[in-house]
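Visitor: Generate coordinates for the sequence data below:
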Amino acid sequence: MLKVPDEIVSYGLGNFAECLIARYQLALLVALRDDLQVPANSVLLYDPKFLSVEKDVLTSFGFQVLKENEEAKRCCERPTLFYMPHCGKSLYNNLLFANWSPDRLCHVVIIGNSFTNMVQ
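Guide: Residues are numbered from 1 along each chain as shown. This next block holds a predicted model:
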């Protein structure tokens, strides 16, 4: 049975102040948060390329901007949606490796790049 996530973690959103595609991706993130009714303070984001103005915008939405690069090694103890639109294979690998057990993997949902393209 699918569970509504308790939190949303976004890695690699991109510079939405400068990039139209990143703005669309931010809009999707906000729509997902609204539709899934995840509290704003349970939305966590990290991108090493965020500008200070972008961090301010995200904070004004009530989102949490992570200060440290987790390298996608977050362990899931509760249902979590990972939104990873601009991430490479290593971040997906880190996330799956950190949660590669039945009691953790069941809490992970990923919206991101196709795994098929990563294998090829």
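Visitor: Determine the number of other residues adjacent to the closest residue to residue 58 other than its chain neighbours.
Guide: What sits nearest to residue 58 in space, not counting adjacent residues and going by C-beta to C-beta, 6 or more residues apart in numbering, is residue 65, at 5.3 Å. For every residue, glycine as well, the C-beta is placed using N, CA and C. Residues lying near residue 65 (other C-beta atoms under 10 Å) number 16.
Visitor: got it, and residue 64?
Guide: Neighbours of residue 64 using other C-beta under 10 Å come to 16.
Visitor: just the one 3 residues further on next, same as before
Guide: Using other C-beta under 10 Å, residue 67 has 7 other residues around it.
Visitor: Now do it against residue 37, distance only.
Guide: Using C-beta to C-beta, to the nearest Å, residue 67 is found at 26 Å from residue 37.
Visitor: And residue 29, by the same measure?
Guide: 14 Å.
Visitor: Likewise for residue 71?
Guide: From residue 71 to residue 37 the distance is 29 Å (C-beta to C-beta).
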